[in-house]
Structure formats: C-alpha cells, structure tokens
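Participant: What follows is a predicted structure for the sequence shown.
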Amino acid sequence: NAGVTQTPKFQVLKTGQSMTLQCAQDMNHEYMSWYRQDPGMGLRLIHYSVGAGITDQGEVPNGYNVSRSTTEDFPLRLLSAAPSQTSVYFCASSYYGGSTDTQYFGPGTRLTVL
Amino acid sequence: AQTVTQSQPEMSVQEAETVTLSCTYDTSESDYYLFWYKQPPSRQMILVIRQEAYKQQNATENRFSVNFQKAAKSFSLKISDSQLGDAAMYFCAYSGNQFYFGTGTSLTVIP
C-alpha cells in the first residue's frame, strides 16, 4: 500500500491564481480530511469527508473547496490564492473517522503564495 | 468547540532520561479519543500513542506512555529512556466529532 499520497510536494503561486492539491489513499478509508499547518498554530481542519459524495466544513474552510467523487481521492481547490493561504497542507484518512479512528497522514504540500 | 492546549512550546531532555509532555483539553462530549503524534523534520505525521476516553487504563507503547486524567481533562505523554531519534515536534490531538490539534511541543534530545 502507498498509504496517503499528496501532490505536489511544493508549489509557488501568485495572488489570484487557482490550483488543486491532490490527495489519494489506497486503504479504502471512508474518512478523509485536509489540514493546514502554520507556525505556532498546530494543525487546523479545513474540510473533511465521511464518504464519497459527502463533504463538510472544518474549522477554517474559507477560500477552499473540496469534492469527493470517489473513495480514493479528495482534492482541495484554492479558487483565488491569497498570501494568507501560505502554509503546509496535510491530507489524512481513516476508516470511519469521528471518535473511533486513528488518522493516517500524507507527506504534506508546502504552498507559498506571493 | 473543543480546544487542546499544550502549554510547553519547547522541552529538552538528556539522552536516556525521562521527559513528560503536557496536554489539556476542553470538551463536553463523553465519547472521544486522544492521540499523540510526532512530527520529525521530515514533516511526516507519525502516530505515537492513542487513548480511548472510556478506558481507565493508561495506554503504553514501548517507551511511550500516557497519564490520562479524565476528570481533570489532562493527557500527558511520558517518554522513557529518551533517544536522539525522539527529537521532534509532538502534537496532542482530540478526536470527537472532529479532530483538534494542540499547538505542539518541540522536543530536543541532548546527547
């Protein structure tokens, strides 16, 4: 198993550009989520999905869109990048999510918005 | 919303000694899990240990153990016989309806 994979590893954008961060898992996990990690603030939940076709907002959803058309993939879209979105982004997955499961993390994407 | 507090931004320990990292949380939920994750310089998030709130017995994983005090909402991590490879950022996390992470403790291991 490859586990949770994320692409790209690094990305530089200009303000106003759009892009999609890719996340895929091959463990047949139902629950997938996106976090951003900023210095001194730990990880904050952006969006999550409890299964294909179902998504919901986390703690910091503004400026981001997600969709879940398959169990394996959970892309994160930045519609109009802003410098405040400079961060490290982690995708994670678990079998069912909620209060019962350990999350497994991808290697992260470092995004810089100029 | 639930909150997770790690009050020690940085800690250091001598190799082979024991260190305890602190974590407190606030919740009104009765069913939840608590975790400690390790993040080395590689940036990969690695699960260290987890504790089910309904279990009174403290979880242990080799050199890692927790002191879970449910009434006090406290969840500390003890690392025994510290090794150089233990140097990393450690995050406490709460899982109920959503996951919440603390701000992390940077652990330095001194040879």
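Facilitator: That came in fine, so what should we check first?

Participant: lowest-confidence helix or strand of chain B?
Facilitator: strand B:99-101 (a mean of 88; mean pLDDT, DSSP states H and E).

Participant: Report whether it contacts chain A.
Facilitator: Yes. With Cβ under 8 Å from any Cβ of the partner chain as the measure, strand B:99-101 is seen reaching chain A through B:99-101. Glycine gets a C-beta too; all of them are placed from N, C-alpha and C.

Participant: and chain B, which of its residues are near chain A?
Facilitator: B:1, B:4, B:6, B:9, B:29, B:31-33, B:35, B:37, B:42-45, B:47, B:50, B:91, B:93, B:95-104.

Participant: mind redoing it with 7 Å?
Facilitator: Neighbours of chain A within chain B, by Cβ under 7 Å from any Cβ of the partner chain: B:31-33, B:35, B:43-45, B:47, B:50, B:91, B:95-99, B:101-104.

Participant: one step back: who wins on neighbours among the residues of strand B:99-101 next to chain A?
Facilitator: Within these, neighbour counts (other Cβ atoms under 10 Å in any protein chain shown) peak at B:F99, which reaches 28 neighbours.

Participant: Which strand residues bridge it?
Facilitator: B:S95 (DSSP bridges).

Participant: Surely it touches A:Q103?
Facilitator: Yes. Here B:F99 reaches A:Q103: they are 6.4 Å apart, a contact under Cβ atoms under 7 Å.

Participant: any idea how far B:V19 lies from chain A?
Facilitator: Using Cβ to the nearest Cβ, to the nearest Å, one gets 20 Å for the distance from B:V19 to chain A.

Participant: and the end-to-end length of stretch B:18-29?
Facilitator: Stretch B:18-29 has its terminal residues 32 Å apart, counting by Cα to Cα, to the nearest Å.

Participant: Now do that stretch, average pLDDT.
Facilitator: The average of the pLDDT scores along stretch B:18-29 is 95.

Participant: Pull the contacting residues for the residue nearest to B:S82 when sequence neighbours are not counted.
Facilitator: Of all residues not flanking B:S82 in the chain, B:V13 sits nearest, at 4.7 Å (Cβ to Cβ, 6 or more residues apart in numbering or on different chains). The neighbourhood of B:V13, defined by Cβ atoms under 7 Å, 6 or more residues apart in numbering or on different chains, consists of B:19, B:82, B:107, B:109-110.

Participant: How about B:F35, nearest residue that isn't a chain neighbour?
Facilitator: Counting by Cβ to Cβ, 6+ apart, the residue nearest B:F35 is B:A93, at 4.3 Å.

Participant: Counting neighbours, what do you get for the one you found?
Facilitator: Count around B:A93 with other Cβ under 10 Å applied: 24.
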